[in-house]
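1. sequence first, predicted model second:
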Amino acid sequence: MLTLPKRIIHVLRHFEEAFSERVWEWGKVLLIGAILAPGERTVAAILRVMGCADEKQFQNYHRVLNRAIWSSRELSRRLLVLLVCLFVAGNEPVILGLDETIERRRGRKIAARGGLS
């Protein structure tokens, strides 16, 4: 379906293992389309940018986001590893900055609050 430059494919391969083979084909289209789509990143806008606006099975792209099993934490971990490998030279330490913004929401579902509680 997609013909991409080898350098892009090399980067995308790091994320492929986090999805099943079937879901990855749809996820790949959504990922590349989200990068290319101007304005809002809706599934419809992504499909238009990718030339799939007339796709008969468009609901499969929606299912990647609301039914398919994949871990956003695993994907973010893989992205962090890629970024560290790209921007940190050799054995240099990685310095992380933390935001000490006070959590202003309240309720049973808020696990932790920042600030002077």
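-> Received it, and whenever you're ready, just let me know what you need. Computed from a predicted structure; not experimentally measured.
2. please make it C-alpha for all contacts and neighbour counts, starting now.
-> Noted.
3. okay, and the residue minimising distance to the centre of the chain sits in which element?
-> Nearest residue to the geometric centre of the chain (Cα atoms, centre = their mean): Leu75, 6.4 Å. Leu75 belongs to helix 72-87 when assigned by DSSP states H and E.
4. next: Phe15.
-> helix 6-16.
5. helices or strands next to the helix holding Leu75 in the packing?
-> Helices and strands in packing contact with helix 72-87 are listed as helix 6-16; criterion 3 or more Cα pairs under 8 Å, 6 or more residues apart in numbering; DSSP states H and E.
6. list the buried residues for the helix it packs on?
-> Under the neighbour-count criterion of 16 or more other Cα atoms under 10 Å, helix 6-16 has 15-16 buried.
7. if we can go back for a sec, quick check: pLDDT value at the residue nearest to the centre of the chain.
-> Note on Leu75: pLDDT of 90.
8. one more: Val11?
-> With respect to pLDDT, Val11 has a value of 87.
9. if I look at it, how far off is Leu86?
-> 11 Å (Cα to Cα, to the nearest Å).
10. also Thr101?
-> Remark: distance between Thr101 and Leu86 (Cα to Cα) = 29 Å.
11. just His14 next, same as before
-> Here the criterion is Cα to Cα. By it, His14 lies 13 Å from Leu86.
12. and Trp24, what does it touch?
-> By Cα atoms under 8 Å, 6 or more residues apart in numbering, the contact set of Trp24 is Glu16.
13. now do the phi/psi pair for Val64.
-> According to degrees, to the nearest 10, the main-chain angles of Val64 amount to phi -60, psi -40.
14. in what helix or strand does Trp26 lie?
-> Secondary structure assigned from DSSP H and E places Trp26 in helix 21-36.
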